[in-house]
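Peer 1: No letters, just coordinates:
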Ligand SMILES: [Zn+2]
């Protein structure tokens with residue numbers, strides 16, 4: 001043991017490892033993986049099957065259970081070394097009907113979707129005068145007297161960006177608008193869809209759910225319908241609308257995170273995990289969110305499995321349960337790994353559609369950054385640049401961020417993602433096979449080189465200590 005440590009330290013200090021972290025053989029395999037992924041379909045057949053045979057798969061629905069069975073069968077058929085599931089328990093929500101209607105000063109039916117965990121209205125709906133706010137902050141600042149007994153309309157419009165940053169700026173209206181409006185005595189919430197399309201369909205999505213907090217019936221209307229409502233609000237007459245929702249929340253359902261592993265030959269206890277989420281919203285077929293991610297990581301692992309040699313460390317696929325309704329699979333995964341996060345060499349999730357990857361960002365210990373740079377060298381032919389330090393690997397790895405998990409974000413072009421996100425229009429035709437193959441190539445290279453890396457990336461205490469130190473020196 002001691003000899004090995006000294007040898008490793010000696011090699012490192014002597015320089016060759018520091019200058020070039022990877023052997024020629026490992027790099028040659030990375031290039032082979034990259035080229036074979038580009039020559040393939042990126043897993044297009046996988047997402048075609050998932051969206052066609054299973055379709056929409058809201059967490060807790062009958063289709064969710066079928067999707068779990070489908071994934072287990074797929075992984076077993078592909079011949080991974082180990083295939084298993086781990087439970088995740090969460091409250092579920094079921095959509096009945098939703099309706100938003102302007103009753104005066106003109107009559108309009110607005111294209112509507114209820115938001116996740118919206119309670120039902122009384123049958124026939126709620127009718128009241130509308131009070132409009134520019135964004136969540138304006139609602140938060142409002143005098144309750146302006147809001148009480150009215151229907152709140154938040155009109156903020158999501159901005160289109162490559163990074164998806166516009167989503168983060170706008171989504172608060174959806175995630176907490178209902179509870180803020182409830183505190184001020186409103187009767188219901190209507191938001192402009194958090195999406196970038198001008199087509200006439202609404203974008204659903206999650207509201208932060210807590211069974212102890214009162215929420216209002218809450219719906220999103222399409223962008224053109226929100227424009228219409230704004231024009232009506234600009235007139236002199238009060239605008240009255242009806243909102244009707246029928247929906248049901250069920251306290252507990254248990255679904256499964258689904259795993260497949262290629263067991264490492266040298267350090268099988270150390271793991272590179274690439275993930276996606278298996279659930280989707282109940283509208284559309286969950287093609288870009290997140291059937292694409294399921295296809296990308298499965299295809300990447302399949303290519304590595306097809307090599308005539310094993311990676312040094314183990315590589316795992318994780319298909320998370322119940323991401324859309326509150327990261328429940330990700331939370332269950334993190335909770336079960338509180339005492340062994342150091343085993344996770346690197347994690348990365350594909351959950352941003354099927355657009356091309358343009359940058360690699362990473363949250364790793366300082367000493368390992370040159371290894372990330374060496375990985376980027378092999379991603380450069382795919383058009384992938386070096387990004388910033390940081391990130392959390394994707395939404396389902398966010399709950400593990402507090403444990404200090406080492407994570408890579410392969411940043412996808414999200415310019416068009418929010419045209420389809422959480423809508424009836426999230427369907428297979430939105431996926432471009434060439435772009436999917438570019439993603440699969442990047443994940444294959446990342447997983448392989450992550451598993452062959454000459455050092456760990458600092459998961460756990462090392463990363464947390466370095467971050468605490470940086471924060472202290474910044475003060
Ligand atoms: Zn997603």
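Peer 2: In hand now; what should we look at? Note that the coordinates shown come from a computational prediction; the quantities given were computed from them, not determined experimentally. Numbering: from 1, shown residues only.
Peer 1: Which other helices and strands does the helix or strand where residue 259 lies contact?
Peer 2: According to DSSP states H and E, residue 259 maps onto strand 240-262. Judged by 3 or more CB pairs under 8 Å, 6 or more residues apart in numbering; DSSP states H and E, strand 240-262 is in contact with helix 62-78, strand 82-104, strand 126-133, strand 188-192, strand 218-221, helix 292-305, strand 313-320, helix 328-335. The C-beta positions use only the backbone N, C-alpha and C, and glycine is treated the same way.
Peer 1: May I see the buried residues of the last one?
Peer 2: Going by neighbour count (16 or more other CB atoms under 10 Å), the buried part of helix 328-335 is 328, 329, 330, 331, 332, 333, 334.
Peer 1: wait, isn't the fifth one in contact with residue 255?
Peer 2: No - contact criterion CB atoms under 8 Å: residue 332 and residue 255 do not qualify, at 9.5 Å.
Peer 1: Quick check: neighbours shared by the two?
Peer 2: 87, 88, 321 (CB atoms under 8 Å, 6 or more residues apart in numbering).
Peer 1: The second one: what's it in contact with?
Peer 2: For residue 88, the contacting residues are 254, 255, 256, 257, 320, 321, 322, 328, 329, 331, 332, 333, by CB under 8 Å, 6+ apart.
Peer 1: Same list, the residues you listed, but as JSON lines with pLDDT and distance to the ion please.
Peer 2: Compiled in JSON lines, those are given as follows (pLDDT from 0 to 100; distance: CB to the ion, whole Å):
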{"residue": "254", "pLDDT": "98", "distance to the ion": "21"}
{"residue": "255", "pLDDT": "98", "distance to the ion": "15"}
{"residue": "256", "pLDDT": "98", "distance to the ion": "18"}
{"residue": "257", "pLDDT": "98", "distance to the ion": "15"}
{"residue": "320", "pLDDT": "99", "distance to the ion": "9"}
{"residue": "321", "pLDDT": "98", "distance to the ion": "12"}
{"residue": "322", "pLDDT": "98", "distance to the ion": "11"}
{"residue": "328", "pLDDT": "98", "distance to the ion": "13"}
{"residue": "329", "pLDDT": "98", "distance to the ion": "11"}
{"residue": "331", "pLDDT": "98", "distance to the ion": "15"}
{"residue": "332", "pLDDT": "98", "distance to the ion": "17"}
{"residue": "333", "pLDDT": "98", "distance to the ion": "15"}
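Peer 1: from those, which is closest to residue 441?
Peer 2: Among those, residue 320 lies closest to residue 441 (CB to CB), at 22.6 Å.
Peer 1: isn't that closest one right up against residue 278?
Peer 2: Yes - the pair residue 320 / residue 278 is scored as a contact, 6.6 Å apart, by CB under 8 Å.
Peer 1: Can you point out the buried residues in stretch 430-448?
Peer 2: Buried residues in stretch 430-448, defined by neighbour count with 16+ other CB under 10 Å: 430-431, 433, 435-448.
Peer 1: same deal with stretch 187-202?
Peer 2: The neighbour-count check on stretch 187-202 (16+ other CB under 10 Å) flags 187-197, 201-202 as buried.
Peer 1: any shared contact partners between residue 320 and residue 278?
Peer 2: In contact with both residue 320 and residue 278: residue 329, using CB under 8 Å, 6+ apart.
Peer 1: which residues touch the residue lying closest to residue 280 once chain neighbours are set aside?
Peer 2: Nearest residue to residue 280 in three dimensions, chain neighbours excluded: residue 286, at 2.5 Å (CB to CB, 6 or more residues apart in numbering). Going by CB under 8 Å, 6+ apart, residue 286 touches 50, 51, 55, 56, 57, 279, 280, 426.
Peer 1: and of those, the nearest to residue 301?
Peer 2: residue 50 (15.7 Å).
Peer 1: Show me the chain divided up by domain.
Peer 2: Domain ranges of the chain: 22-81+263-468, 96-248, per automatic domain parsing.
Peer 1: For the longest one, give the distance from the opening residue to the closing one.
Peer 2: Distance between the boundary residues of domain 22-81+263-468 (CA to CA, to the nearest Å) amounts to 30 Å.
Peer 1: do the shortest one as well
Peer 2: The straight-line separation of the ends of domain 96-248 (CA to CA) is 8 Å.
Peer 1: ditto for stretch 378-387
Peer 2: Chord length of stretch 378-387, first to last residue, is 14 Å (CA to CA).
Peer 1: try stretch 390-401
Peer 2: The first and final residues of stretch 390-401 sit 11 Å from each other (CA to CA).
Peer 1: which residues sit against it?
Peer 2: 275, 277, 318, 320, 323, 327, 329-331, 333-335, 337, 341, 344, 347-352, 361-363, 405, 407-409.
Peer 1: which parts of the stretch 151-300 of the chain sit against the ion?
Peer 2: Residues of the stretch 151-300 of the chain lying close to the ion by CB under 5 Å from the ion are 289, 290.
Peer 1: Try it again at 8 Å.
Peer 2: Neighbours of the ion within the stretch 151-300 of the chain, by CB under 8 Å from the ion: 277, 280, 289, 290, 293.
Peer 1: Out of those, which is nearest to residue 140?
Peer 2: residue 289 (28.6 Å).
Peer 1: Verify the stated contact: that closest one with residue 423.
Peer 2: No - proximity of residue 289 to residue 423 does not meet the contact threshold set by CB under 8 Å, at 9.5 Å.
Peer 1: what kind of secondary structure is residue 119 in?
Peer 2: At residue 119 the chain is in coil, as set by DSSP: H, G, I helix; E, B strand; the rest coil.
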